[in-house]
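Asker: Return atomic coordinates for the entry below.
(2 chains)
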Amino acid sequence: MSIKAPRGTKDILPSEVPQWQMFEAKVREVCKLFGYSEIRTPIFEHTELFQRGVGETTDIVAKEMYTFLDRGKRSLTLRPEGTASVARAYLEHKMQGEAQPIKVYYLGPMFRYDRPQAGRYRQFHQFGVEVFGTKEPTVDAEVIMLPVFFFQALGLKEFTLEINSVGCPRCRQAYRQQLQEALKERVPKLCSDCAERYEKNPLRILDCKNEKCKELVQDVPLLTGALCAECAAHFAQVKQALDALGQEYVVNPRLVRGLDYYTKTAFEIISPALGAQSSICGGGRYDNLLATIGGPDIPGIGFALGIERVLAALEAEGISRKAPDVPDIFVATAGVPEAEALKVTMQLREAGLAVDKDYLGRSLKAQLKFAGRKGIKYVIILGDEELKNGQATVRDMQAGSQEVVSLKELAAHLAGLLRGAE
RNA sequence: GUGGGUGUAGCUCAGCUGGUUAGAGCACCAGAUUGUGGCUCUGGGGGCCGUGGGUUCGAGUCCCAUCAUCCACCCCA
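Answerer: Here you go, the predicted structure:
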């Protein structure tokens, strides 16, 4: 075998597609309940959108983008995430002129040039939601509750919600200095990654998994304690709203989002059933994103959730997969021309029945075996004997019983059987 | 980008310290039953042993490289 799917990509095979369709149907159902409309944006955008929106210093922009020049020498990038595109569409179509807030969801592939591992792909799929035009803390609570509600609707049981506030540029800047001050002496003792983070993005040091770093930053002041009055009040109201709903959560002051655009509320949902890539949903508020990409000062909030990871979590929890669809009826031949069998097959389809037939010229025995393996409920046996009388045999594969039915009444007879079987 | 594990039939895997034509189970196809599946039995098709180099009289087996894959770091969904 020479050509394979590119590294980090994979085929979603017919046996898996029903599970994806179930997932997508659930997305649409829940979004409808919450009042969100679907939006579909292009799969690639001008590179500049992500550079400005996601942030030059983020790993995503610095080293994970699929960027290329098109024939007109434009620099384009396969979208690494959805929020920037939706924000761009909001501005481009002047949605600030419509009734606010704008609540949308999207579903589709994203691309990041990462090293693949369990739960991490170069082409992966996200379901995400964005709300523009309100900075109300209760909308933060709604955006947090949507994925929680969604996971419950899927039957997922094992997940934990973590929340934090990363403040606004003002309090974050002040905190950053406070943190650097506190860590000054300890820099040489930190791991090499954290030593680098000390200058670039000291907040990330709080999130380091290295045991030694964890210990060293234990007594350091936390961002939650350094929030400005406005951010602190906002965070308190978000928590209050979640409390009022009876929603459990863990405040994780070390939860730091990687993308530059986040402000105030940040949250993450984690599945303990997964490996190292255990985050199944991440989101938060981004009150400066629209302004950053050249729009008016309009707040926003959203989340994105990794479909492959959620499906893996369902699998790990043993939640049954949706089985692939099989036709209800199979037309088998025994000594009659194939054209005749195709004609009967088409007639049944025209009557609204899901029907397939043999295309390998196999023996009747092999055709029955095939239908049995596939789990097809009824097999029509077209034999020359019956056909002479304008009849066919209908075999119930589960019961092993069969009866002779006239071709004229065949469709109605089968429809009746299928209705009865439901 | 860094580290470790693994690449033999469609799938899961054997193949002892290198030794003639590379095996099993499942799956697939056919027959036993010349018009009747699920059980059983019999037979059959399928492998440049990931790829390229090297060591050797001889390599699936040893060495190097490369690619792919898995897991972890990093990062994130």
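
Asker: Spit out the contact partners of the residue most central in space within chain A.
Answerer: What sits nearest the mean C-alpha location of chain A, by CA atoms, centre = their mean, is A:I307, with 3.0 Å. Counting by CB atoms under 8 Å, 6 or more residues apart in numbering, A:I307 touches A:20, A:23, A:124-127. Yep, even glycine has a C-beta here, placed from its N, CA and C like the rest.

Asker: Can I get the buried part of those as one ChimeraX selection?
Answerer: Here is the ChimeraX selection string for the buried members of these, based on 16 or more other CB atoms under 10 Å:
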select /A:23,124,125,126,127
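
Asker: taking the contacts of A:I307 one by one, which sit in helices?
Answerer: When the contacts of A:I307 are checked against helices (DSSP state H), the matches are A:20, A:23.

Asker: Show me which of the contacts of A:I307 is closest to A:R254.
Answerer: Nearest to A:R254 among those is A:Q126, at 24.2 Å by CB to CB.

Asker: Please name the nearest non-neighbouring residue to the closest one.
Answerer: Spatial nearest neighbour of A:Q126, chain neighbours left out: A:A304 (4.7 Å); criterion: CB to CB, 6 or more residues apart in numbering.

Asker: swap in A:A323?
Answerer: The shortest distance from A:A323 to any non-neighbouring residue, by CB to CB, 6+ apart, is to A:P18 (6.5 Å).

Asker: Around that neighbour, how many other residues sit close by?
Answerer: Neighbour count for A:P18, taken as other CB atoms under 10 Å: 14.

Asker: That one and A:P324 touch, don't they?
Answerer: Yes: contact criterion CB atoms under 8 Å: A:P18 and A:P324 qualify, at 5.2 Å.

Asker: which bits of the stretch 51-200 of chain A sit near RNA strand B?
Answerer: Residues of the stretch 51-200 of chain A found near RNA strand B (CB under 7 Å from any atom of the strand) are A:58-60, A:64, A:81, A:112, A:114-121, A:124, A:126, A:193, A:197.

Asker: how many neighbours does A:V220 have?
Answerer: Using other CB under 10 Å, A:V220 has 16 neighbouring residues.

Asker: circling back to that earlier point, could you check how far the residue nearest to the centre of chain A is from RNA strand B?
Answerer: As defined by CB to the nearest atom of the strand, to the nearest Å, A:I307 lies at a distance of 8 Å from RNA strand B.

Asker: For that residue, what are phi and psi?
Answerer: Backbone geometry at A:I307, expressed as degrees, to the nearest 10, gives phi -70, psi -50.

Asker: For the stretch 151-300 of chain A, give me the ranges with low pLDDT.
Answerer: Across the stretch 151-300 of chain A, the ranges flagged by pLDDT under 70 are A:209-211.

Asker: What residue in it comes nearest to RNA strand B?
Answerer: Residue nearest to RNA strand B within the stretch 151-300 of chain A: A:G258 (1.3 Å; CB to the nearest atom of the strand).

Asker: Enumerate every residue touching the nearest residue to that residue once chain neighbours are set aside.
Answerer: Closest residue to A:G258 apart from its sequence neighbours, by CB to CB, 6+ apart: A:T58 at 5.9 Å. Under the criterion of CB under 8 Å, 6+ apart, the neighbours of A:T58 are A:258-260.

Asker: again, but for A:L161
Answerer: A:144, A:148, A:247-250, A:267-269.

Asker: Domains in chain A, by residue range?
Answerer: With domains defined by automatic domain parsing, chain A comprises A:17-168+A:228-316, A:329-421.

Asker: Single out the most deeply packed of those domains.
Answerer: A comparison of these by mean neighbour count, using mean count of other CB atoms under 10 Å, puts domain A:17-168+A:228-316 on top with a mean of 18.

Asker: from the chain's centre, how far out does it sit?
Answerer: Centroid separation for domain A:17-168+A:228-316 versus its chain: 10 Å, with CA atoms, centre = their mean, to the nearest Å.

Asker: same thing with stretch A:363-383?
Answerer: Centre-to-centre, stretch A:363-383 and its host chain are 38 Å apart (CA atoms, centre = their mean).

Asker: Over to that stretch now: how far is its first residue from its last?
Answerer: Terminal residues of stretch A:363-383 lie 12 Å apart, using CA to CA, to the nearest Å.

Asker: where does the stretch 301-422 of chain A have low pLDDT?
Answerer: Ranges of the stretch 301-422 of chain A meeting pLDDT under 70: A:421-422.

Asker: Spell out which parts of it neighbour RNA strand B.
Answerer: For the stretch 301-422 of chain A, the residues in contact with RNA strand B (CB under 7 Å from any atom of the strand) are A:304-306, A:308-309, A:334-335, A:362-366, A:368-373, A:381, A:383-386, A:393, A:395, A:397-400, A:402.

Asker: So which of those belong to strands?
Answerer: Counting by DSSP state E, the part of those found in strands is A:304-306, A:334, A:381, A:383, A:393, A:395, A:402.

Asker: in the residues you listed, which two residues are the furthest apart from each other?
Answerer: A:A304 and A:G383 (57.5 Å).

Asker: Taking the stretch 1-150 of chain A, what residue is nearest to RNA strand B?
Answerer: In the stretch 1-150 of chain A, the residue that lies nearest RNA strand B is A:A118 (2.7 Å; CB to the nearest atom of the strand).

Asker: Now that residue: closest residue in space, sequence neighbours ignored.
Answerer: In space, A:A118 is closest to A:G275, 4.4 Å off (CB to CB, 6+ apart).

Asker: Tell me if A:L353 really is in a helix.
Answerer: No: using DSSP: H, G, I helix; E, B strand; the rest coil, the assignment for A:L353 is coil, not a helix.

Asker: That one contacts A:H413, correct?
Answerer: No: A:L353 sits out of contact with A:H413 when judged by CB under 8 Å, with a separation of 10.7 Å.
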